[in-house]
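**Student:** Mind folding the following:
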Amino acid sequence: MKKALIVAVALVVVLAAAITVVLLTGAEAGSETGEQSTNPTTPANNTTAETPVEDATATPAPAEFFTLDITTLGDAEPFTVRTLWIDSLFTLTDPRGSAVFESAAGRIRGRGRTSWSNQYLREKRPLRVRFDGSSSERLRHMAGSEHAARNWVLRSMHQDKSLMRDYSAFYLGELLPGIYWSPFAAFVHLYVNDEYMGVYMLTDERDVGPGRAQLTADPDPAVSEYMIESDWRLYRNDAIEGQDYVRVNTHPDGPREGDHSPSSARAGALRRDYLYEIRFPDDDILTPAHFDYIRSLFTEAGLALRAGNMADIERLVDVDSLIDFYLVQELFQNVDAGFSSMFYQVKGQGEDRRIVLGPLWDFDVAAGNADWLSNQTPYGLYVSTRWYWGEALHQTPQLRERMIQRWNDYFVPATHQMLAHIHQVGTRYEAAFERNFERFPIMGVYVWPNPPHVVEIDTFMGQVDYLIDFLTRRMNYLDEYFNS
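**Tutor:** Presented below is the predicted three-dimensional model:
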């Protein structure tokens with residue numbers, strides 16, 4: 001799609017009422033479980049949304065979110081110790097005020113690293129949710145999810161005053177055929193012990209199960225499937241190489257002096273050493289042979305990507321997933337790309353076995369929301385300069401050709417749809433979002449790592465408009481770069 005068409009995205013945003021936002025709340029839930037016919041993040045199965053035919057006689061869904069009430073049990077204080085599980089009871093209420101479930105047993109604990117420890121973010125901390133009880137009681141539909149699961153995540157998004165950077169990236173991922181699983185996400189009003197804690201984004205945990213990653217564990221490392229997270233901060237967390245993660249270095253010059261020190265992560269070492277944590281299978285199945293297998297596989301893939309060896313790249317990596325994953329990271333100018341929260345899966349058997357990129361995760365300081373970047377404009381390549389898997393897409397002619405083709409055929413139309421959707425979400429649910437800023441009056445106030453031009457925007461819809469404008473201008477730039 002040419003630049004002239006992309007510039008018209010503002011018109012598309014205005015005219016895109018066809019993209020339903022009612023799905024966000026799950027208010028169309030058709031059962032007591034809260035299940036509904038379409039994922040509230042995006043249409044199911046990575047297909048383009050069709051305009052829903054509205055029933056003129058139906059009561060309009062309220063422009064409101066689900067409400068999740070958590071009551072902790074015992075003396076432990078929530079939001080204090082990140083690793084402490086606290087027994088709790090959960091009640092989920094739909095936007096019309098009807099209970100989806102009441103007093104369900106489970107636990108909460110803290111989650112995240114920076115979002116838990118940073119002094120600016122402590123007042124609104126993220127949580128993990130785990131349901132207990134019988135095998136059927138442990139699996140819960142949440143806020144309109146199509147699937148039931150035991151483990152869920154409550155993202156606080158405190159540093160993202162649009163509250164929608166992660167949501168937007170997840171939505172876009174669901175529209176791209178190369179992203180085989182993008183986390184479910186829905187906004188909820190969160191109460192803990194009767195205290196309103198603001199608007200949170202309830203989302204899938206990054207695990208295996210219906211509606212999530214489809215992987216099978218096996219004692220044989222060459223047969224088992226895997227979920228892998230690349231995170232440079234493992235050096236800082238007393239993790240043990242070969243037991244908690246594997247280190248892969250395919251750089252022709254090898255590691256730099258001091259690459260293994262905790263302080264080296266911001267000194268450019270991240271472009272040489274990569275740390276891969278095995279999140280699946282679980283520890284009770286993992287053996288040293290599994291770690292050796294992953295180290296060998298990612299070393300082989302890394303060498304193939306650096307050499308531009310297409311035969312080996314296509315044998316080892318699902319190229320479409322790599323392209324789509326990279327393009328989302330690049331569009332959002334994601335500062336975490338190549339540093340942390342980079343997810344991979346190893347799927348399939350025999351000749352069908354590949355490294356698959358995804359799920360997408362952690363975009364709250366992307367899209368012009370990081371004050372340490374010297375370049376706060378939406379122009380210039382970013383992710384490919386810090387993640388050599390992305391760099392290979394530009395340096396290898398066959399990969400670059402495929403990337404440009406996918407950009408034009410899939411990515412630009414999907415991005416139009418995403419931009420229109422988040423505009424609709426912001427405008428329809430503005431009052432619901434504003435409750436968060438009544439609880440936390442942070443508009444016009446510095447919250448790490450907001451750059452000055454973000455701090456100056458003192459309204460919720462101003463923050464949403466800034467996000468849309470940044471992504472629109474970045475899409476224009478990338479389109480010109482790919483098609484000139």
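**Student:** where do the helices sit along this protein?
**Tutor:** Assigned by DSSP state H, the helices in the chain fall at 3-7, 9-15, 22-25, 114-117, 165-175, 288-307, 310-316, 319-331, 388-395, 397-406, 412-428, 430-439, 452-455, 460-483.
**Student:** what helices or strands is the longest one leaning on?
**Tutor:** Helix 460-483 makes packing contacts with helix 3-7, helix 9-15, helix 165-175, helix 319-331, helix 397-406, helix 412-428, helix 430-439 when contacts are defined by 3 or more CB pairs under 8 Å, 6 or more residues apart in numbering; DSSP states H and E. Any C-beta I mention is one placed from the backbone N, CA and C, and that applies to glycine too.
**Student:** Now do the fifth one and helix 412-428, the angle between them.
**Tutor:** Here helix 397-406 runs at 50 degrees with respect to helix 412-428, directions being taken by axes from the mean of the first three to the mean of the last three CA atoms, to 10 degrees.
**Student:** ditto for the third one
**Tutor:** Computed by the same axes, to 10 degrees, the angle separating helix 165-175 from helix 412-428 equals 140 degrees.
**Student:** Kindly export helix 165-175 (C-alpha atoms) in PDB.
**Tutor:** Written as PDB, here are the backbone C-alpha positions of helix 165-175 (Å, rounded to 0.1, in the frame of the first residue of the first chain):
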ATOM      1  CA  ARG A 165       0.100   0.300  24.200                       C
ATOM      2  CA  ASP A 166       0.100  -3.400  25.200                       C
ATOM      3  CA  TYR A 167      -3.500  -3.800  24.200                       C
ATOM      4  CA  SER A 168      -2.800  -2.300  20.700                       C
ATOM      5  CA  ALA A 169       0.200  -4.600  20.100                       C
ATOM      6  CA  PHE A 170      -1.800  -7.700  21.200                       C
ATOM      7  CA  TYR A 171      -4.700  -6.600  18.900                       C
ATOM      8  CA  LEU A 172      -2.400  -6.200  16.000                       C
ATOM      9  CA  GLY A 173      -0.800  -9.500  16.600                       C
ATOM     10  CA  GLU A 174      -4.100 -11.300  16.400                       C
ATOM     11  CA  LEU A 175      -4.700  -9.800  12.900                       C
END
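**Student:** and residue 120, how far is that from residue 361?
**Tutor:** For residue 120, the distance to residue 361 equals 21 Å [CB to CB, to the nearest Å].
**Student:** Name the residue in the two with the higher neighbour count.
**Tutor:** Neighbours were counted for residue 120 and for residue 361 using other CB atoms under 10 Å; residue 361 has more, 23 against 16.
**Student:** could you point out where the stretch 51-200 of the chain is predicted with low confidence?
**Tutor:** 51-62 (pLDDT under 70).
**Student:** Does residue 241 touch residue 249 like I think?
**Tutor:** No - proximity of residue 241 to residue 249 does not meet the contact threshold set by CB atoms under 8 Å, at 11.9 Å.
**Student:** any low-confidence regions in the stretch 301-450 of the chain?
**Tutor:** 374-375.
**Student:** Give me the neighbour count for residue 81.
**Tutor:** Neighbour count of residue 81, defined by other CB under 10 Å: 12.
**Student:** Tell me the spatial nearest neighbour of it, not counting adjacent residues.
**Tutor:** Leaving out its chain neighbours, the residue that sits closest to residue 81 by CB to CB, 6 or more residues apart in numbering is residue 110, at 7.0 Å.
**Student:** Can you give me the neighbour number for that neighbour?
**Tutor:** Residue 110 has 20 neighbours, counted by other CB under 10 Å.
**Student:** residues contacting it?
**Tutor:** 79, 81, 82, 83, 84, 116, 125, 126, 127, 128 (CB atoms under 8 Å, 6 or more residues apart in numbering).
**Student:** how much space is there between it and residue 396?
**Tutor:** Counting by CB to CB, the separation of residue 110 from residue 396 is 42 Å.
**Student:** wait, what's in contact with residue 334?
**Tutor:** 169, 328, 362, 363, 366, 367, 382, 383.
**Student:** The second one contacts residue 174, correct?
**Tutor:** Right, the one you point to is residue 328. No - the criterion here is CB under 8 Å, and residue 328 misses it with residue 174 at 10.9 Å.
**Student:** is it true that residue 459 touches residue 443?
**Tutor:** Yes - the pair residue 459 / residue 443 is scored as a contact, 6.5 Å apart, by CB under 8 Å.
**Student:** Looking at these two, which has the bigger crowd around it?
**Tutor:** Remark: of residue 459 and residue 443, residue 443 carries more neighbours, 17 against 14, as counted by other CB under 10 Å.
**Student:** Verify the contact between the more buried one and residue 460 for me.
**Tutor:** Yes - counting by CB under 8 Å, residue 460 is a contact partner of residue 443 at 7.4 Å.
**Student:** Could you name every residue contacting both of those two?
**Tutor:** 161, 437.
**Student:** Chain neighbours aside, what residue packs nearest to residue 218?
**Tutor:** Per CB to CB, 6+ apart, closest to residue 218 is residue 224, 3.9 Å.
**Student:** how close does the one you found get to residue 349?
**Tutor:** Where residue 349 is concerned, residue 224 sits at a distance of 10 Å (CB to CB).
**Student:** Of these two, which one has the most company?
**Tutor:** Using other CB under 10 Å, the more surrounded residue of residue 224 and residue 349 is residue 224, with 22 against 11.
**Student:** so what's residue 187 bridging to?
**Tutor:** residue 201 (DSSP bridges).
**Student:** Strands along the stretch 151-300 of the chain, start to end?
**Tutor:** 151-155, 185-192, 195-204, 226-230, 245-249, 273-280 (DSSP state E, counting those that start in this stretch).
**Student:** Now for the spatially closest residue to residue 197 that is not a sequence neighbour, how many residues are close by?
**Tutor:** Distances taken as CB to CB, 6+ apart put residue 190 closest to residue 197, at 4.4 Å, once the chain neighbours are dropped. Using other CB under 10 Å, residue 190 is surrounded by 24 other residues.
**Student:** wouldn't residue 190 be in contact with residue 198 here?
**Tutor:** Yes - assessed by CB under 8 Å, residue 190 is found in contact with residue 198 at 6.5 Å.
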